[in-house]
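> just coords:
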């Protein structure tokens with residue numbers, strides 16, 4: 001009889017704690033999802049900045065090469081005059 005009375009209180013308590021656990025898991029999943037989205041955006045911006053720097057370096061290198069070619073051509077033309 002005493003065991004049945006205790007079980008009468010423990011079963012609802014177990015169900016209640018399970019419900020809380022499931023709710024907390026849901027909140028945890030939402031937190032993880034929002035964290036992942038924020039990190040993804042950060043990585044996207046870092047990646048874009050890196051790509052932009054690479055493009056700038058390539059453009060500068062190309063510009064220097066072209067400038068040297070034109071300078072050499074101009075000097076060659078001056079020598080022929």
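Good, I have the coordinates. This one's a predicted model, so the numbers in the text were calculated from it and none came from an experiment.
> Please compute how far stretch 26-38 lies from its chain's middle.
From the chain centre to the centre of stretch 26-38 is a distance of 14 Å (Cα atoms, centre = their mean, to the nearest Å).
> average pLDDT for that stretch?
The pLDDT scores in stretch 26-38 average 80.
> could you say which helix or strand contains residue 21?
helix 2-80 (DSSP states H and E).
> which helices and strands does that helix pack with?
With contacts taken as 3 or more Cβ pairs under 8 Å, 6 or more residues apart in numbering; DSSP states H and E, helix 2-80 sits against no other helix or strand. C-betas here are computed from N, CA, C, even on glycine.
> Residue 62: neighbour count?
If you count neighbours by other Cβ atoms under 10 Å, residue 62 ends up with 10.
> next one: residue 71
For residue 71, using other Cβ under 10 Å, the count is 10.
> and the gap between it and residue 63?
12 Å (Cβ to Cβ, to the nearest Å).
> go on, residue 49?
21 Å.
> just residue 25 next, same as before
Residue 25 is 56 Å from residue 63, by Cβ to Cβ.
> same check, this time on residue 31
48 Å.
> Ok, residue 69 next?
Counting by Cβ to Cβ, the gap from residue 69 to residue 63 is 11 Å.
> Could you do residue 40 as well?
Distance from residue 40 to residue 63, by Cβ to Cβ: 34 Å.
> Could you do residue 26 as well?
55 Å.
> Likewise for residue 15?
Computed as Cβ to Cβ, the residue 15 to residue 63 distance reads 72 Å.
> And residue 20, by the same measure?
In terms of Cβ to Cβ, residue 20 sits 64 Å off from residue 63.
> neighbours of residue 56, just the number please.
10.
> let me redo that: residue 33
10.
> try residue 79
7.
> Then residue 58?
Considering only other Cβ under 10 Å, residue 58 is surrounded by 10 other residues.
> go on, residue 42?
Residue 42: 10 neighbours (other Cβ under 10 Å).
> same question, residue 45
10.
> distance of it from residue 74?
Using Cβ to Cβ, which is the criterion applied here, residue 45 is 43 Å from residue 74.
> same question, residue 12
Counting by Cβ to Cβ, the gap from residue 12 to residue 74 is 92 Å.
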